[in-house]
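Engineer: Quick check, what structure comes out for this input:
(3 chains)
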Amino acid sequence: MTAPATYKAVIDHTVVADHQKVRRWGWAHVVEHMVLRMRSYVSTMLLTGIGSPFLYLLGLGFGLGVLVDQGEGIEGVPYLTFVAPALVMATAMQVGAQENTYGVFGGFKWTNMFNAMRLSPVSPGQMAMGMQAGTLVRVVPMLGFYLVALVLFGIATPLRALAMLPIGLLLALAVGSAVMAWVATQKDDRGQLSFIERFVIVPLTLFSGTYFPLETLPGYLQPIGWISPLWHAAELGRAVMYDMAMSPLMWLVHIGFLASVAAIGAVLSVRVFRRRLDG
Amino acid sequence: MSASKLTPMEAPAPRVWGPLRGLYGGRTHAVVARGMRVIARNNWLIVLTGFFEPVFYLLSMGLGLGALIGGVEFYGHEVPYAAYIAPALMAVSAMNGAIYDSTMNVFFKMRYGKIYEQMLSTSLGPMDVALGEIVMALFRGLLYASGFMVVTTVLGLNLSWTALLAIPAAMVVAFGFASFGLAITSYMKSFQHLDLVWFMMIPMFLLSATFFPISVYPEWAQWVIMAFPLWHGVDMIRQLTTGLIQPSIWVHLGYFAVMILLGVTMATKRLKALFLR
Amino acid sequence: MAQPVISARGLTKRYGAFTAVDGIDFDIAPGESFGFLGPNGAGKSTTMRMIAATSTRTDGTLSVLGLDANHHGPEIRAQLGIVPQGDMLDEELRVIDNLYVYGRYFGLPRAYVKARSEELLDFAQLREKRTARVDGLSGGMKRRLTIARGLINNPKVMLLDEPTTGLDPQARHVLWDRLFRLKEEGVTLVVTTHFMDEAEQLCDRLVVIDKGTIVAEGSPQSLIREYSTREVLEVRFGSARNEAAAGRLEGIGERQELLPDRVLIYADNGEQALQAVTERGLEPVTSLVRRSSLEDVFLRLTGRSLIE
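Structural biologist: A predicted model of the protein is given here:
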């Protein structure tokens, strides 16, 4: 039997999927998928990305600064300088948490991203890691807008602003993987998702020495700061941006804390993803 | 075949006359009863968490920043910082609860749940539905305002007996935002539009004399802020909790009265246009 | 039979105390269209997931394309096209991007996946929906897109889990037409279904599966021949009287089944059977003579209806 001339086979048997390559690069394809998805909310990203530095720095920071600086500023610097690095880090934390709350839960329940990937050679561990890498891709422009604003408003030099980027990324990674490890265990949403925002992210932002030095809080509230990734990142940010005094040991403690949270979160996430997708 | 043992019964005709006929079935309580049931069964946790947000802000900013700032001047009097921001947080939480209920919740119901179509295929009218949603938002506002009032009273942040009036005032704020939110939601087509609502709320939250007086800004910026509803809510509740009541409180009330009237009218019209074609 | 592409012996899946698949054996030959027919919860989807190596078996052996499914998941899936129940499309992406993104998960080069996506768009008859968002597509379009997605890696075997469930009759025929084309090209199709017409349309050979075990195996025609008669007469006497009437039908046709709403009479000639019924003074409210189907086979084998 001969096929008509216009007939073209659907299957091309000369092309074979390369599962070895997927084993190495599967995570990168997950990132590619996430970037494609970002296209549908680019306008939202731009609006928040450009809007928040103005609102938080010029609006909140400046306004509070007027009240606080009636004294003599904080730690020898104007209030705006004090609060700026913490606001940058708070943004990194928020984006990292948000992406891993709705992105991860949605990937299992709403968009079926993970369930569909499961039908390809990509492994659950690669999905978790790809998702983290994709989060960083999303954090970079958000931080970028902030850092440019810092330079434009004359709060930081370009070099110091740039030095805050890796700290922000490390923070986003730590918070993101910790949130992922928990969200991935949730089978349905009866308020757990908003719970993260309201009982973890908001309190951490408020009690991590963001708007005032941690030591101003009563002693019983200060431990919240010590276990808060945001506080560690904000301290690093302050050291980088205006040479806030910090001993080498504390440098090590801050970086070590963030790195450990990121590592533990990543290991747990991979484990949860495996358990959930290998039934 | 056995016949039903129940006495046969017909659904009563709605007893509403005049211009509201066709719009209003006099059964708002049925919509509210459904909303209460959903809260009891499903999302009481979401409702509960909303109460804590202003408390966290109060503790953090009041204790931490308060230590740095000391006091703030309000209508000629020095007010301790925590007592200054507490009423503002109350207004913000009334706004947040009302907007959450009337935008996010309603949007989901319209787009995915098809609940309104069901409701409007019974003897309910669009105004029952609109009022029902608003009452739910008010209920939430009442919960938050009362809870928050207990916290501020314990912390000694209510400086006058007139603080008691802050609860009804918070309800007025919630009513305004809920009716307006409902009207806006009826125009929304996608999630991107929902985002726009939040883009309006965050600046209002940060800048409406919540954490510092608007006098720090140039005059034109002050006028812009005063055009938005949250500032009126904040200033009104602050006057009541501090006892520094000014004649301007009537302006604030008038602002919300107009907002409520416009919101309810618009929402009813839109629901009618959307579902009773 | 040529070397089977999929071969199972004593294949078992237990979830705690519940046995979803209970020691089944089957072989699927290259190019064959093979069906699992059974009611919801029979263990069809679990079997499919074990074949796709997304679920590990508890016991027995299972080789897919010569590889052990418990140990070579990614390698096996690289050669499979999977069409899951419920599509699992990314509704926030556009139609063409769904194909592209998925193709990349197979490690295929960007340029190839792009070209291939366009090709499959035509195959799925979705050309004019190229940049539409997935959440606006009809059920039939979504299913065709899912099939196109499954074809992106030029699979040797297609797994289709309930491919036409939830679609209207016209959409089902469009879909079957697409699957026929694949069949003509020699792609091995593995289909689960609880529709007998679908099994009859698509499958060269099928196993009837119930409560995790295989109760019969063969081609649709041979199964019908073996377990049913050529025709079936359906008679209704009204809900209160079916049972009484059934008692008086003794001896008509080969066999009878009393269902809550009707009586089925299995006979090689349905019209003759109907005549015999009226000759006994019974007057059915409605009567219908039809060809036997796999539904009848299932009823015979399990005493239960396929769709409950």
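
Engineer: contacts and neighbour counts: CA atoms only from here.
Structural biologist: OK.

Engineer: Looking at the stretch 51-200 of chain C, which residue is nearest chain B?
Structural biologist: For the stretch 51-200 of chain C, the residue closest to chain B is C:Glu92, as judged by Cα to the nearest Cα, at 11.2 Å.

Engineer: for that residue, helix, strand, or coil?
Structural biologist: Judged by DSSP: H, G, I helix; E, B strand; the rest coil, the three-state class of C:Glu92 is coil.

Engineer: wait, what's in contact with it?
Structural biologist: Each residue near C:Glu92 by Cα atoms under 8 Å, 6 or more residues apart in numbering or on different chains is listed here: A:37, A:40, A:111, C:133-135.

Engineer: between those residues, which has the most around it?
Structural biologist: Taking other Cα atoms under 10 Å in any protein chain shown as the neighbour criterion, C:Val134 ranks highest of the contacts of C:Glu92 with 22 neighbours.

Engineer: The closest residue to that one other than its chain neighbours: what's it in contact with?
Structural biologist: Leaving aside its chain neighbours, C:Val134 sits nearest to C:Glu91 (4.8 Å; criterion: Cα to Cα, 6 or more residues apart in numbering or on different chains). The neighbourhood of C:Glu91, defined by Cα under 8 Å, 6+ apart, consists of A:111, C:133-135.

Engineer: With respect to B:Val72, which of those is nearest?
Structural biologist: The shortest gap between B:Val72 and any of these belongs to A:Thr111, at 49.0 Å (Cα to Cα).

Engineer: I figured the closest one hits C:Met88, correct?
Structural biologist: Yes. A:Thr111 sits in contact with C:Met88 when judged by Cα atoms under 8 Å, with a separation of 7.3 Å.

Engineer: quick one: is stretch B:175-195 near chain C?
Structural biologist: No. For stretch B:175-195 and chain C, the contact criterion (Cα under 8 Å from any Cα of the partner chain) is not met; the two come no nearer than 11.2 Å.

Engineer: ok, now how distant is the residue of the stretch 51-200 of chain C closest to chain B from A:Met34?
Structural biologist: Distance from C:Glu92 to A:Met34, counting by Cα to Cα, to the nearest Å: 11 Å.

Engineer: And the closest residue to chain A within chain C, how close does it get to C:Gly81?
Structural biologist: Using Cα to the nearest Cα, the single residue of chain C nearest to chain A is C:Pro74, 3.9 Å away. Using Cα to Cα, one gets 13 Å for the distance from C:Pro74 to C:Gly81.

Engineer: Next: C:Gly253.
Structural biologist: Taking Cα to Cα as the measure, C:Gly253 and C:Gly81 are separated by 45 Å.

Engineer: got it, and B:Ala33?
Structural biologist: Taking Cα to Cα as the measure, B:Ala33 and C:Gly81 are separated by 49 Å.

Engineer: Between these two, which is the more surrounded one?
Structural biologist: Each of B:Ala33 and C:Gly81 had its neighbours counted (other Cα under 10 Å), and the higher figure belongs to C:Gly81 (26 against 12).

Engineer: tell me the contacts of that one?
Structural biologist: Listed by Cα under 8 Å, 6+ apart, the contact partners of C:Gly81 are C:149-159.

Engineer: Apply 10 Å and report the result again.
Structural biologist: Contact analysis of C:Gly81 by Cα atoms under 10 Å, 6 or more residues apart in numbering or on different chains lists A:119-120, C:52, C:146-160, C:189.
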